[in-house]
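A.B. asks: This is a predicted model, with the sequence first.
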Amino acid sequence: MSRSTRRRRRIRTVVIQIAIIVVFLLLWEYLPRVPGITNVIPFADPYFISSPSRIALTLWRLTTGADGSVLIWPYLLTTLIASLGGVLIGMASGALVGIWLSNSPSWNEVLRPFIVALNAVPRIALIPVFIIILGPTLNATMLTAITVVFFIVFFNAYEGGRTVPREILNNTRVLGANKSQLMWRVRWRFVLAWTIASLPNAVSLGLISVVTAEILTGTAGMGRLIVNSVTTVDASVTFAVVVILSIVGVILVGAAALVEKKWQHWWNPREVE
């Protein structure tokens, strides 16, 4: 496929995407104004679903503090700190445990059933436990993100450590490498590649888990704004917070995908030194 063809296809794709968004927003804005529409679609009422124009005005107030509105930035910062902190700690711990168990069959037999059992526990069920232990604090929400990200990364890292070609392991052993050297000189490269591949999912699920924990704990983050807007039945604030979280999520996942792409471009785990 030529470069010009790819460019035309990309332009056409972007135009279609923009058209879909415009049509959706126009329907959202004007469909509830049709007389009698609530008899056909009960939830098509601005009281429940607000409207794009109202949400835009609410976004302006939340981001600028106009009309004495609460600024959203401190809440967003709290959510980002918990999310990114949970992602970093969860990825580091998941990668380390993954490489360790992939390199130690005996410990893998002992611990893997427990890890699988813990992974089967819904994380939302652990949030009350975290609140009891740490209180409704930033640490509790961060710990929720850590537990979510850890298992995502662990299983990726573990499988990455097991994908090392056997001939590479055998050749390394022949050259006199011990178990520790096999883990850090050989398996680590594969584990790191698979860990980076899980970064976009880890970032998105880390953000989701933090907001969920904030909703349940009342921590001063974006989740609290959602709870407050639901309590006051303010659909515009609810949707405004959702829009901001969506934008932040897209930026974070896009950045993570870019890191993954750049990493894979220059890092080839099969080029073992």
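C.D. replies: Arrived safely. It should be emphasised that the depicted structure is a prediction, and the values quoted were computed from it without experimental measurement.

A.B. asks: With adjacent residues omitted, what lies nearest to the residue nearest to the spatial centre of the chain?
C.D. replies: With distances taken as Cα atoms, centre = their mean, Ser204 lies nearest the centre of the chain, 1.3 Å away. Distances taken as Cβ to Cβ, 6 or more residues apart in numbering place Val253 nearest to Ser204, at 5.2 Å, with adjacent residues excluded. C-beta: built from backbone N, CA, C; applies to glycine.

A.B. asks: just for the stretch 1-150 of the chain, where's the confidence low?
C.D. replies: Residues of the stretch 1-150 of the chain meeting the criterion pLDDT under 70: 1.

A.B. asks: Can you point out the buried residues in the helix or strand hosting Val253?
C.D. replies: Val253 belongs to helix 235-266 when elements are defined using DSSP states H and E. Going by neighbour count (16 or more other Cβ atoms under 10 Å), the buried part of helix 235-266 is 235-241, 244-245, 248-249, 252-253, 256, 260.

A.B. asks: How about stretch 62-79?
C.D. replies: Result for stretch 62-79 [16+ other Cβ under 10 Å]: buried residues 62, 72, 75-76, 78-79.

A.B. asks: just the helices in the chain please.
C.D. replies: Applying DSSP state H to the chain gives helices spanning 3-30, 37-40, 46-49, 52-64, 73-103, 105-120, 123-134, 138-162, 166-174, 179-181, 188-197, 199-217, 222-231, 235-266.

A.B. asks: In space, what's closest to Trp73 - neighbours in sequence excluded?
C.D. replies: Taking Cβ to Cβ, 6+ apart as the measure, Trp73 lies nearest to Thr63, with 7.6 Å between them; neighbours along the chain are not counted.

A.B. asks: any idea how far Leu25 is from the one you found?
C.D. replies: 19 Å (Cβ to Cβ, to the nearest Å).

A.B. asks: Can you tell me the closest non-neighbouring residue to Tyr158?
C.D. replies: Gly98 (4.1 Å).

A.B. asks: residues touching that neighbour, list them.
C.D. replies: For Gly98, the contacting residues are 153-158, 160-161, 191, 195, by Cβ atoms under 8 Å, 6 or more residues apart in numbering.

A.B. asks: before we move on, the earlier item: which pair in the buried residues of stretch 62-79 has the greatest spatial separation?
C.D. replies: Leu62 and Thr78 (14.8 Å; Cβ to Cβ).

A.B. asks: was I right about Leu138 contacting Thr78?
C.D. replies: Yes - with contact defined as Cβ atoms under 8 Å, Leu138 reaches Thr78; the gap is 6.5 Å.
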